[in-house]
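# coords please:
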Amino acid sequence: MNKLLISISLLLFGAMPVLADEYTTEETVRYALNCMADMGGQTDENLYTCTCRYDNIRANMTFSDYEEGYTFERNKKMPGEKGSSFRDNKRGERLYEELLKVREKADSNCIVVKHVKMIKPTSK
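Okay, the predicted model is just below:
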């Protein structure tokens, strides 16, 4: 029983760093929906392009850095005192610039799909 508890504890603590940089399902869905809306709507073509871009972003930036850069982007134009904590945040600004570069790379790596044709599977 004691060995089992130790084994489970080691397994869970070993997996913690992986979970910390895992992109959340909520962010995955939010990104896909926003991207497809920007491209003109929820179509299979836009879904393929947006998921390609998202996969590129995930491969090139940890979730914590992505989240901080995106938060800076979203709040940097906030007026008054509340916005000053974002405008004066050098780390957030650096991560935002990195996020822009990663997005640009993702856009250039992923083609914009024009047409998706569903075909029937063939049997052998």
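# for the protein, what are the low-confidence residue spans?
1-21, 115-116, 124 (pLDDT under 70).
# Any buried residues in stretch 33-50, and which?
Applying a neighbour-count criterion of 16 or more other CB atoms under 10 Å, one finds Cys35, Met36, Met39, Glu45, Asn46, Leu47, Thr49, Cys50 buried in stretch 33-50. For every residue, glycine as well, the C-beta is placed using N, CA and C.
# I meant to write stretch 91-110 there.
For stretch 91-110, by 16+ other CB under 10 Å, it's Gly92, Glu93, Leu95, Tyr96, Glu98, Leu99, Val102, Arg103, Ala106, Cys110.
# got the contact list for the fifth one?
Right, the one you point to is Glu98. Met61, Asp65, Gly69 (CB atoms under 8 Å, 6 or more residues apart in numbering).
# Just to check, the last one is in contact with Leu95?
By that I understand Gly69. Yes. Taking CB atoms under 8 Å as the definition, Gly69 is a contact partner of Leu95 at 3.7 Å.
# With adjacent residues omitted, what lies nearest to Thr71?
Nearest residue to Thr71, sequence neighbours excluded (CB to CB, 6 or more residues apart in numbering): Gly92, at 6.9 Å.
# rewinding a little: which ones among the contacts of Glu98 map onto helices?
Asp65, Gly69 (DSSP state H).
# want to throw the contacts of Glu98 into a markdown table with distance to Lys82?
Shown next, in a markdown table, are the contacts of Glu98 (distance: CB to CB, whole Å):
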| residue | distance to Lys82 |
| --- | --- |
| Met61 | 26 |
| Asp65 | 23 |
| Gly69 | 19 |
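# Distance to Lys120 and secondary structure added to the buried residues of stretch 91-110, as JSON lines?
Below are the buried residues of stretch 91-110 laid out as JSON lines (distance: CB to CB, whole Å; DSSP: H, G, I helix; E, B strand; the rest coil):
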{"residue": "Gly92", "distance to Lys120": "50", "secondary structure": "helix"}
{"residue": "Glu93", "distance to Lys120": "52", "secondary structure": "helix"}
{"residue": "Leu95", "distance to Lys120": "46", "secondary structure": "helix"}
{"residue": "Tyr96", "distance to Lys120": "46", "secondary structure": "helix"}
{"residue": "Glu98", "distance to Lys120": "44", "secondary structure": "helix"}
{"residue": "Leu99", "distance to Lys120": "41", "secondary structure": "helix"}
{"residue": "Val102", "distance to Lys120": "38", "secondary structure": "helix"}
{"residue": "Arg103", "distance to Lys120": "37", "secondary structure": "helix"}
{"residue": "Ala106", "distance to Lys120": "32", "secondary structure": "helix"}
{"residue": "Cys110", "distance to Lys120": "27", "secondary structure": "coil"}
